[in-house]
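Q: this one's structure only:
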């Protein structure tokens, strides 16, 4: 599975709504969200599950994705801030347990990773 550092991918993407358009609308809003994750202490934020069919790129100007994966810091305070930010985000978006993304994170947290996904 290919992953790309999120800010680099978003900044170089000509798709005006490159990430989870139902959540962020324009790419600029997704960039602000990723910057916030770094401010909270994320070690690295990657874009995953990239859709980059030629037809999509021609229609939309660039690839599209709906998920991020965050490399969490060892620092407990920063780590907890990111997890709290995640929970608030999922709550605000109406994503509840049983929709896959939260459960998938249980196993990922042991590997110091946290996934954000918007359908």
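A: Perfect, thanks for sending it. All values derive from a computational prediction rather than experimental measurement.
Q: I'd like the next helix or strand past the worst-scoring helix or strand of the chain on mean pLDDT.
A: Every helix and strand in the chain was compared by mean pLDDT, DSSP states H and E; the lowest is helix 101-109, with a mean of 65. Downstream of helix 101-109, the next assigned helix or strand under DSSP states H and E is strand 113-117.
Q: Can you spell out which helices and strands pack onto that next one?
A: strand 67-71, helix 76-92, helix 101-109 (3 or more Cβ pairs under 8 Å, 6 or more residues apart in numbering; DSSP states H and E). Quick note: C-beta positions are derived from backbone N, CA and C, even for glycine.
Q: quick one, which of those is nearest to residue 3?
A: Closest to residue 3 of the helices and strands packed on strand 113-117 is strand 67-71 (Cβ to Cβ; 6.9 Å).
Q: now the closest one against strand 113-117, angle please.
A: Taking axes from the mean of the first three to the mean of the last three Cα atoms, to 10 degrees, strand 67-71 and strand 113-117 form an angle of 160 degrees between their directions.
Q: who does strand 67-71 pair up with?
A: Strand 67-71 has its sheet partners listed here by DSSP bridges as strand 44-48 (antiparallel), strand 113-117 (antiparallel).
Q: Nice, that's everything, thank you.
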